[in-house]
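>>> Quick one, what's the 3D model for this:
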Amino acid sequence: MRRSTPIFGAAPRRALVCVLCWLIPGLSFAADAGNGTAFAPVRPGHALSFPADLGAHPDFRTEWWYITGWTTDESGMERGFQVTFFRVRSGIGEGSASRFAPSQLVLAHAAVADPAIGRLRHAERAERAYSPLVGADRGATKAWVRDWILEWTGDRYRTRVAARDFTFELDFIPPRVPVLNGRGGYSQKSPEPHHASFYYSRPQLAVTGTLRVDGKSERVRGSAWLDHEWSSELMPERARGWDWLGINLQDGGSLMAFRMRDTAGAAIWTAFTLVDRNTEHRSQGPDAVRFTPLRNWRSPRSGAQYPVEWEIELNDQPGGEPRRLRVVPLMDDQELDSSRSTGAIYWEGAVRVTETPSDASAPAREIGRGYLEMTGYADRPRL
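Coordinates of the predicted model:
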């Protein structure tokens, strides 16, 4: 299928990306035009409201809708996938009457973790918002870049992505209301309260649809996870990157955990949200979650070394005992090079989570599947 021609030519787009420089905390991207733009602040105590907060928040610096999941096709082949739409308020041309002013940008990433080739299939797009071709709507989820789209239809999300060597059209049905992370959706990212985002998740999405790989189309089913996050703050100056985990548990629960880490690899801030048997437990602080690397993999392309297996320890648990989980990748090579849009190289891939029963003689058992994202290993996200 013919790829659409971006409104920015390739060279001007790369130049603009270089000038705007956008990877930020809250697991999001930012543009810093250096022109005194007054971005909307993230403050505690603000109550999220649905369905209004399913949509875009263009007064904030940056925002993303991020869906990750596992699918199984009719032959039994398991693959991971992700699709992400980013909205960026650049601060450029906001006083202009021209519809071509790049005051709002929309970027999109899509990938398939395919064990048949041992790496990610990946595609990306980046354009200025220009209705009806590119945009992100208020009020309900609808973000699109030409023929790539993610939208909320009233009872489900739908996405459509067509790339050179893969295409997917998927529906995602949520079983429950959104899960608010942090304190009522106010998610702190460092000891300084202003480093924060508004953040909710929709775990346990039931997935149906079609996936076409190398010209062969298959019906697929599976489960997925959606994160929606918006913020106006830049990454803490002493931060090097973050590690984030979103897991659908087999008992119907879910786990979100992350740490922001410094240049020495120590945790600046950590947090988790655990939904277990319809109860929700949250904790945050420098040691709410402990990420311990167990095995590394070195990328033959970037040279970056990523911890691809982890022990995750959830502290401040009911009963007082920490819960220890092991994270294992679907495959080691899930490095994503998004240098044509965000300028970032990072690891983002499908993982399994196992847990050893309290009876130490019993073998570890798989308790969930989801996605792991690791940034700052190839280089520090640019600010």
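
>>> Sketch out the low-pLDDT regions of the stretch 201-350 of the chain for me.
Residue ranges of the stretch 201-350 of the chain with pLDDT under 70: 317-319, 340-343.

>>> how does it look with 90?
Scanning the stretch 201-350 of the chain for pLDDT under 90 picks out 214, 234-237, 276-278, 316-322, 338-344.

>>> got the residue ranges for the strands in it?
For the stretch 201-350 of the chain, the strands defined by DSSP state E, counting those that start in this stretch occupy 216-231, 239-249, 254-262, 267-276, 279-285, 289-298, 305-314, 323-329, 335-338, 344-355.

>>> What residues sit buried inside the third one?
Under the neighbour-count criterion of 16 or more other C-beta atoms under 10 Å, strand 254-262 has 254, 255, 256, 257, 258, 259, 260, 261 buried. Where C-beta positions appear, they are placed from N, C-alpha and C, glycine not excepted.

>>> Out of those, which is nearest to residue 335?
Ranked by distance to residue 335 (C-beta to C-beta), those are led by residue 261 at 18.3 Å.

>>> Specify the beta-bridge partners of that closest one.
residue 241, residue 267 (DSSP bridges).

>>> how much space between it and residue 101?
Shown here: residue 261 relative to residue 101, a distance of 37 Å by C-beta to C-beta, to the nearest Å.

>>> now residue 184
For residue 184, the distance to residue 101 equals 35 Å [C-beta to C-beta].

>>> next one: residue 203
Taking C-beta to C-beta, one finds residue 203 at 38 Å from residue 101.

>>> Comparing those two, which residue is more hemmed in?
residue 203 (27 against 16; other C-beta atoms under 10 Å).

>>> Settle this for me: the more buried one is touching residue 227, isn't it.
No - using C-beta atoms under 8 Å as the test, residue 203 is too far from residue 227 to be in contact (9.4 Å).

>>> who does residue 143 bridge with?
residue 136, residue 150.

>>> Next, the contact list for it, please.
By C-beta atoms under 8 Å, 6 or more residues apart in numbering, the contact set of residue 143 is 56, 65, 85, 87, 106, 108, 135, 136, 137, 149, 150, 151.

>>> which two from those end up farthest apart in space?
Longest span within the contacts of residue 143, C-beta to C-beta: 108 and 137, 14.8 Å.

>>> Those two: which has the busier surroundings?
residue 108 (25 against 17).

>>> Would you mind listing the buried residues in whichever strand or helix holds that one?
Assigned by DSSP states H and E, residue 108 belongs to strand 104-114. Buried residues in strand 104-114, counting neighbours by 16+ other C-beta under 10 Å, are found at 104, 105, 106, 107, 108, 109, 110, 111, 112, 113, 114.

>>> Just to check, the third one is in contact with residue 129?
The one in question is residue 106. Yes - the criterion here is C-beta under 8 Å, and residue 106 meets it with residue 129 at 5.5 Å.

>>> list residues touching both of those two?
By C-beta under 8 Å, 6+ apart, the residues touching both residue 106 and residue 129 are 87, 135, 136.

>>> which one of these sits closest to residue 329?
Closest approach between the shared contacts of residue 106 and residue 129 and residue 329, by C-beta to C-beta: residue 87, at 29.5 Å.

>>> Give the partner strands of the helix or strand that contains the closest one in its sheet and their orientations.
Take DSSP H and E as the rule and residue 87 turns out to sit in strand 78-89. As defined by DSSP bridges, the strand partners of strand 78-89 come to strand 62-73 (antiparallel), strand 104-114 (antiparallel).

>>> So in terms of bridging, what pairs with residue 160?
residue 149, residue 169.

>>> Please renumber the chain so that the first residue is 495 from this point on.
Sounds good: first residue 495 from here, last item residue 654.

>>> tell me the SS of the residue nearest to residue 545 when sequence neighbours are not counted?
Closest residue in space to residue 545, ignoring its immediate chain neighbours: residue 634 at 5.7 Å, by C-beta to C-beta, 6 or more residues apart in numbering. With DSSP: H, G, I helix; E, B strand; the rest coil as the basis, residue 634 sits in coil.

>>> could you measure residue 634 against residue 550, distance?
9 Å.

>>> for residue 714, same thing?
With C-beta to C-beta as the criterion, residue 714 and residue 550 are 28 Å apart.

>>> So which bits of stretch 684-698 are buried?
684, 689, 690, 691, 692, 693, 694, 695, 696, 697, 698.

>>> Stretch 712-719 too?
712, 714, 716, 717, 718, 719.

>>> contacting residues around the closest residue to residue 668 other than its chain neighbours?
Closest residue in space to residue 668, ignoring its immediate chain neighbours: residue 696 at 4.9 Å, by C-beta to C-beta, 6+ apart. Neighbouring residues of residue 696 by C-beta under 8 Å, 6+ apart: 668, 672, 673, 719, 720, 721, 722.

>>> now, among those, which is nearest to residue 535?
Distance to residue 535 across those (C-beta to C-beta) is lowest for residue 722, with 18.3 Å.

>>> any idea how far the closest one is from residue 774?
The spacing between residue 722 and residue 774, counted by C-beta to C-beta, is 17 Å.

>>> Show me which of the two is the more surrounded one.
With neighbours defined as other C-beta under 10 Å, residue 722 and residue 774 compare such that residue 722 has more, 23 against 13.

>>> was I right about that one contacting residue 681?
No - the pair formed by residue 722 and residue 681 falls short of the contact definition of C-beta under 8 Å, at 11.4 Å.

>>> and for those two, which residues touch both?
residue 693.

>>> List the contacts of the nearest residue to residue 695 once chain neighbours are set aside.
Setting aside the residues directly before and after it, residue 695 is nearest to residue 673 in space (C-beta to C-beta, 6+ apart), at 4.8 Å. For residue 673, the contact set (C-beta under 8 Å, 6+ apart) comprises 694, 695, 696, 697, 748, 750, 767, 769, 774.
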